[in-house]
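Asker: This is a predicted model, with the sequence first.
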Amino acid sequence: MRLPSSVLLALTLASPLGNPAGAQETARCLNSRVEFETGTLERIVREPESVIEEGGSFWQNEEPMRYTQIWAEAVNVRIPYMRWWAQVGALAELTLADRLTHPLLVMTDSIIAVQADFLAQAIPHVCSFLPDTVDISIPVYFTAYVPPRSFVSGGVVINVSATYWKGNVENILNNLTHEIFHVGYSHTRPYRTEPALENEQFYGMLDALQNEGTATYVGYLANPTFPAPDEVDYRLLEDPEDVTRLLAEVNALFAQVGIVSEEELQRLSWRKGVTDRGYYIVGAHMAQTIDSRCGRDALKKTLTDGPVAFVTLYNSLVPEDRRIHLIGT
């Protein structure tokens with residue numbers, strides 16, 4: 001049975017939690033290597049003629065383009081190829097001098113300039129939410145004009161052209177903490193102690209709630225170090241009325257489990273959980289509640305326990321009218 005489209009990772013990345021075997025093993029997370037790869041973005045902007053000449057094989061040969069196709073298939077989103085080629089064609093009409101000073105290259109160069117300082121602070125921050133033995137090593141690819149603004153599928157992919165960033169590099173840097181956390185989260189899945197629910201689709205929805213919610217909370221707490229002044233999710237998280245509204249929407253979504261078809265539930269899961277930000281804001285509120293009331297170790301333990309444990313612990317800390325409804329469990 002296919003998991004709902006709200007589960008954004010198209011690949012489950014294997015990384016051993018294992019049994020700690022000394023300082024090197026327990027420091028695995030802090031020793032992770034996150035490397036920025038700008039080659040694809042540079043080709044698109046600097047050499048659009050060669051990209052056009054390469055044609056469809058460009059989407060097969062360049063890692064972030066291939067990963068975008070995997071992402072699109074996993075979440076059932078159409079890639080507007082004709083628009084993508086038109087945008088590359090518009091770059092080809094620019095002079096070389098204009099391309100070399102194009103805002104996409106300027107933004108990417110600004111990110112690369114602070115790469116070392118960013119990782120020196122971001123990796124310890126992300127690792128503070130993960131088991132010490134999780135490896136979050138992964139390449140970060142930069143590209144342009146693809147549908148999502150960022151995602152993880154074999155590598156972190158950042159769409160530098162996304163209007164969501166408002167041309168602000170700080171918004172991208174903050175988002176990177178969110179995406180890098182997803183890498184660590186994916187590595188904890190094979191080691192969960194709780195049995196998966198019989199309804200795999202609903203279990204996938206709970207997984208998305210914990211995954212996207214905790215990642216959003218990780219980014220939210222990174223805000224003082226990597227400010228994201230244009231991040232809508234953080235404004236929603238800080239507004240009690242929005243949290244209450246979205247909590248009700250998530251429970252209304254979960255109430256449809258076993259009532260509507262799998263296809264309809266998948267569509268609702270994407271709309272309510274992703275587009276309307278239910279998984280992100282409600283899950284972040286849950287992570288924040290657990291972290292503030294029980295401590296970071298308790299929040300981290302929910303990762304290796306599983307999403308049902310995440311919901312159960314949260315429910316034990318809040319009044320009944322603030323709880324998440326675990327339908328049929």
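Answerer: Here it is on my side, so go on. Residues are numbered from 1 along each chain as shown.

Asker: List every C-alpha atom in whichever strand or helix holds residue 220, with coordinates, as CSV.
Answerer: Assigned by DSSP states H and E, residue 220 falls within helix 200-221. What follows is helix 200-221 as a C-alpha-only set of coordinates in CSV (Å, rounded to 0.1, in the frame of the first residue of the first chain):
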residue,chain,number,x,y,z
GLU,A,200,-0.3,1.9,6.5
GLN,A,201,-1.7,5.1,5.0
PHE,A,202,-2.7,6.5,8.4
TYR,A,203,0.7,5.5,9.8
GLY,A,204,2.3,7.4,7.0
MET,A,205,0.2,10.5,7.8
LEU,A,206,1.3,10.3,11.5
ASP,A,207,4.9,9.9,10.2
ALA,A,208,4.5,13.1,8.2
LEU,A,209,3.1,14.9,11.2
GLN,A,210,6.1,14.0,13.3
ASN,A,211,8.6,14.5,10.5
GLU,A,212,7.5,17.8,9.1
GLY,A,213,6.5,19.1,12.5
THR,A,214,9.8,18.4,14.3
ALA,A,215,11.7,19.7,11.3
THR,A,216,9.7,22.9,11.4
TYR,A,217,10.4,23.2,15.2
VAL,A,218,14.2,22.7,14.5
GLY,A,219,14.1,25.6,12.0
TYR,A,220,12.0,27.7,14.3
LEU,A,221,14.6,27.4,17.1
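
Asker: Now that helix: buried residues?
Answerer: Buried positions in helix 200-221, judged by neighbour count with 16 or more other Cβ atoms under 10 Å: 201-221. Glycine gets a C-beta too; all of them are placed from N, C-alpha and C.

Asker: ok, now stretch 77-95?
Answerer: Buried residues in stretch 77-95 (16+ other Cβ under 10 Å): 79, 84-85, 88, 91.

Asker: For the residues you listed, give me TSV that also has distance to residue 308, secondary structure and pLDDT.
Answerer: Shown next, in TSV, are those (distance: Cβ to Cβ, whole Å; DSSP: H, G, I helix; E, B strand; the rest coil; pLDDT from 0 to 100):
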residue	distance to residue 308	secondary structure	pLDDT
79	34	coil	97
84	40	helix	98
85	45	helix	98
88	45	helix	98
91	48	helix	98
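
Asker: what's the nearest residue to residue 230 if we skip its chain neighbours?
Answerer: In space, and not counting its chain neighbours, residue 230 is closest to residue 166: 4.9 Å by Cβ to Cβ, 6 or more residues apart in numbering.

Asker: Any idea how many residues pack against that neighbour?
Answerer: When neighbours are defined as other Cβ atoms under 10 Å, residue 166 has 10 of them.

Asker: so what's residue 151 up against?
Answerer: 8, 67, 71, 157, 179 (Cβ atoms under 8 Å, 6 or more residues apart in numbering).

Asker: Taking the centroid of the protein, which residue is nearest it?
Answerer: Centroid check for the chain by Cα atoms, centre = their mean gives residue 179 as the closest residue, at 4.1 Å.

Asker: Against residue 146, how distant is residue 77?
Answerer: 10 Å (Cβ to Cβ, to the nearest Å).

Asker: By pLDDT, give me the weakest of the contacts of residue 151.
Answerer: In terms of pLDDT, the lowest of these is residue 8, showing 39.

Asker: Direction included, what does the top strand by length along the chain pair against?
Answerer: Ranked by residue count and defined by DSSP state E, the top strand of the chain is strand 138-143. Strand pairing for strand 138-143, determined by DSSP bridges: strand 34-37 (parallel), strand 156-159 (parallel).

Asker: after the last one comes which helix or strand?
Answerer: For strand 156-159, the following helix or strand on the C-terminal side (DSSP H and E) is helix 169-188.

Asker: Tell me what angle that following helix forms with helix 200-221.
Answerer: 140 degrees (axes from the mean of the first three to the mean of the last three Cα atoms, to 10 degrees).

Asker: Just the C-alphas of helix 169-188, formatted as CSV.
Answerer: What follows is helix 169-188, C-alpha atoms only, in CSV (Å, rounded to 0.1, in the frame of the first residue of the first chain):
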residue,chain,number,x,y,z
VAL,A,169,19.6,34.1,1.4
GLU,A,170,18.8,34.0,5.2
ASN,A,171,15.5,32.4,4.4
ILE,A,172,17.3,29.6,2.5
LEU,A,173,19.9,29.0,5.2
ASN,A,174,17.2,28.7,7.9
ASN,A,175,15.3,26.2,5.7
LEU,A,176,18.4,24.1,5.3
THR,A,177,18.3,23.2,9.0
HIS,A,178,14.7,21.9,8.4
GLU,A,179,15.8,19.8,5.4
ILE,A,180,19.0,18.5,7.0
PHE,A,181,16.9,17.3,10.0
HIS,A,182,14.8,15.3,7.6
VAL,A,183,17.9,13.3,6.7
GLY,A,184,18.4,12.4,10.3
TYR,A,185,14.8,11.6,10.8
SER,A,186,14.8,9.2,7.8
HIS,A,187,17.7,7.3,9.4
THR,A,188,15.7,6.7,12.6
